[in-house]
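J.: Coordinates only, no sequence provided:
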C-alpha cells in the first residue's frame, strides 16, 4: 500500500502581469521503492531529496499555472521521470516553459498505478482548462490541485478560468465521491468531501 508524503515549497505565482508569493503542497505518493510526484513546485532539489532514493515514475501536473510546474523540467532531468499534463493546459504550460513540452498527456479516466495503489485522473476544468484531480480510492483520498480547497473552489478571476465551469466540475466529479474522502489540496490544509459539500450553493450565490 502506498503512503502520502507532503512537502511544502515556496516561490511565486505569476499570471496576467501580477506576481504573488505562495506556498505550495507537493504530494509524493508511493511505497518504499517507487513514487509519483503531484505538482513539482518551486524546488526540484528539495523534491528529489524528499523522494529518498525512490524511483520516480511520473511527475503529474494538476494544472499548468507556473507555481505548480516551475520545477518539473529540472526534476524530470534529475530523475528521468516523465512530466504528464492534460493537453488543454498546454497554452498555460508554454507561458512558463516555451522550449520544453510535457512528456505525455493526462486524460479523464486514465489510471496511474504506483506502489500497488491506483489513482484515477478526473478532468475538472474551471480553475484552468486542463485542471485534473487524482482519486485514490484505496487511500480514501483525492488530490485536487487548485480545484477544491478547504472552504471553497479555486480562484477563477484570471485568464483561462471560469467560475460556472469549476462549480460544475466540483459538483459532478468531486462531490459524488464518498463523503469521508480526504481532500489534499495544492495550497493550505486538507479537508474532506463531506465538509465541503454543504457549501456548494453558497459558492454559487457568491460567485467569483
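T.: Received it, and whenever you're ready, just let me know what you need. The structure displayed is predicted, hence computed values, not measured ones.

J.: next one: the helix or strand encompassing residue 133 to chain centre, how far?
T.: In the assignment (DSSP states H and E), residue 133 maps to strand 132-136. Averaging C-alpha positions (Cα atoms, centre = their mean, to the nearest Å) puts strand 132-136 8 Å from its chain's average.

J.: what's it in contact with?
T.: 2, 29, 38, 60, 62-63, 86, 106, 108, 112, 117-124, 141-145, 147-148, 173-174, 177, 181 (Cβ atoms under 8 Å, 6 or more residues apart in numbering). Yep, even glycine has a C-beta here, placed from its N, CA and C like the rest.

J.: Restricted to strands, list these.
T.: If you go by DSSP state E, the contacts of strand 132-136 have 29, 38, 60, 112, 117-123, 141-145, 148 in strands.

J.: residue contacts, the residue lying closest to residue 110 once chain neighbours are set aside?
T.: Distances taken as Cβ to Cβ, 6 or more residues apart in numbering place residue 121 nearest to residue 110, at 4.2 Å, with adjacent residues excluded. By Cβ under 8 Å, 6+ apart, residue 121 lies in contact with 86, 106, 107, 108, 109, 110, 111, 112, 132, 133, 134.

J.: Quick check, pLDDT for the fourth one.
T.: Confidence per residue is given as pLDDT, and for residue 108 that number is 98.

J.: got a list of what it touches?
T.: So residue 108 contacts 121, 122, 123, 132 (Cβ under 8 Å, 6+ apart).

J.: same thing but at 10 Å, please
T.: When contacts are counted by Cβ atoms under 10 Å, 6 or more residues apart in numbering, residue 108 is found next to 86, 120, 121, 122, 123, 124, 132, 173.

J.: Could I get the pLDDT score of residue 1?
T.: With respect to pLDDT, residue 1 has a value of 78.

J.: so where do the helices sit in the chain?
T.: 44-51, 66-69, 72-79, 90-96, 163-169, 193-196, 200-206 (DSSP state H).

J.: and of these, who's closest to residue 17?
T.: Taking Cβ to Cβ, helix 90-96 is the member of these nearest to residue 17, at 11.7 Å.

J.: got a list of contacts for that closest one?
T.: Residues outside helix 90-96 that contact it (Cβ under 10 Å, 6+ apart) are 14-15, 61, 63-70, 72-73, 83, 85-87, 100-102, 105, 128-131, 159-160.
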